[in-house]
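Colleague: Sequence isn't available, so here's the structure alone:
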């Protein structure tokens, strides 16, 4: 069976930075840093990636930080502004792989509701055979079960799956299943890895 390439989304295909939204709302740098470290944090955001409803998260957070209600609601309503644009060079690699007939998949930690907001405006995802979204499955990387879901839905396992992700723990979990997994740093390095694997 032909080897498939599995892409992460955040910080591999698209930049993701909570500050990209909140620097528009908080002028003071020290306050912004405190807000991102204590109120709308990446760790808290990860609860949505794992399947928790955004409305519950927002209500709970506003109760803890009522002075930041406007900002917390902005997180829910303007999430796409935390995604400033594509990672340089990555989309060109996806297009080259698709043009060569390589099967493509995504495995992303992404909240279901935020995914529904983001996906419709991004035609790059039309090139993928399937996209496994943690918020839909209600389980996130690096839990083994989400890798099993990819294996089941792609009909592949082990070395038949080339995987790239910016998170070392996610790569370690994939390697534990025998995947050909590579830590993403930039598109040029990924291109070299894909060439070495005979995929480009």
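Modeller: All right, it came through fine. In this text the structure is predicted, and so the values were computed from the model without any measurement. Numbers count the residues shown, from 1 in each chain.

Colleague: Mind jotting down where the helices sit in the protein?
Modeller: With helices called from DSSP state H, the chain shows them at 19-22, 29-38, 42-49, 54-64, 69-77, 90-99, 112-118, 134-137, 144-154, 168-176, 187-196.

Colleague: same for the first one, what does it pack against?
Modeller: If you count contacts as 3 or more C-beta pairs under 8 Å, 6 or more residues apart in numbering; DSSP states H and E, helix 19-22 packs onto helix 29-38, helix 69-77. C-betas here are computed from N, CA, C, even on glycine.

Colleague: need the contact list for residue 183.
Modeller: 164-166, 168, 171 (C-beta atoms under 8 Å, 6 or more residues apart in numbering).

Colleague: Can you check what pLDDT the model gives the residue nearest to residue 24 when sequence neighbours are not counted?
Modeller: Closest residue in space to residue 24, ignoring its immediate chain neighbours: residue 81 at 7.3 Å, by C-beta to C-beta, 6 or more residues apart in numbering. Residue 81 is assigned 98 on the pLDDT scale.

Colleague: before we move on, what about residue 1?
Modeller: On pLDDT, residue 1 comes in at 83.

Colleague: List the contacts of it.
Modeller: Residue 1 makes contacts with 155-156, 160, as judged by C-beta under 8 Å, 6+ apart.

Colleague: same question, residue 84
Modeller: The contact partners of residue 84, taken as C-beta under 8 Å, 6+ apart, are 15, 17, 20.

Colleague: Contacts only, for the first one.
Modeller: Applying C-beta under 8 Å, 6+ apart to residue 15 gives the contacts 83-87.

Colleague: likewise the last one?
Modeller: Under the criterion of C-beta under 8 Å, 6+ apart, the neighbours of residue 20 are 81-84.

Colleague: what about the residue of the chain most remote from its centre, distance to residue 37?
Modeller: In the chain, the residue that sits farthest from the middle, by C-alpha atoms, centre = their mean, is residue 67; the gap is 29.7 Å. Using C-beta to C-beta, to the nearest Å, we find residue 67 at a distance of 16 Å from residue 37.

Colleague: My guess is residue 80 contacts residue 118. True?
Modeller: Yes - using C-beta atoms under 8 Å, residue 80 is in contact with residue 118, at 5.7 Å.

Colleague: Neighbour count for these two, which is higher?
Modeller: Between residue 80 and residue 118, counting by other C-beta atoms under 10 Å, residue 118 is the more crowded of the two (18 against 14).

Colleague: Now do that one against residue 131, distance only.
Modeller: Going from residue 118 to residue 131 by C-beta to C-beta gives 11 Å.

Colleague: do residue 31 as well
Modeller: From residue 31 over to residue 131 the distance is 36 Å, taken as C-beta to C-beta.

Colleague: More neighbours: which of those two?
Modeller: Legend: neighbour count by other C-beta under 10 Å for residue 31 and residue 131, higher for residue 131 (18 against 11).

Colleague: For that one, which residues are in contact?
Modeller: By C-beta under 8 Å, 6+ apart, the neighbours of residue 131 are 105-106, 108, 119, 125.

Colleague: again, only using 7 Å
Modeller: 106, 108, 125 (C-beta atoms under 7 Å, 6 or more residues apart in numbering).
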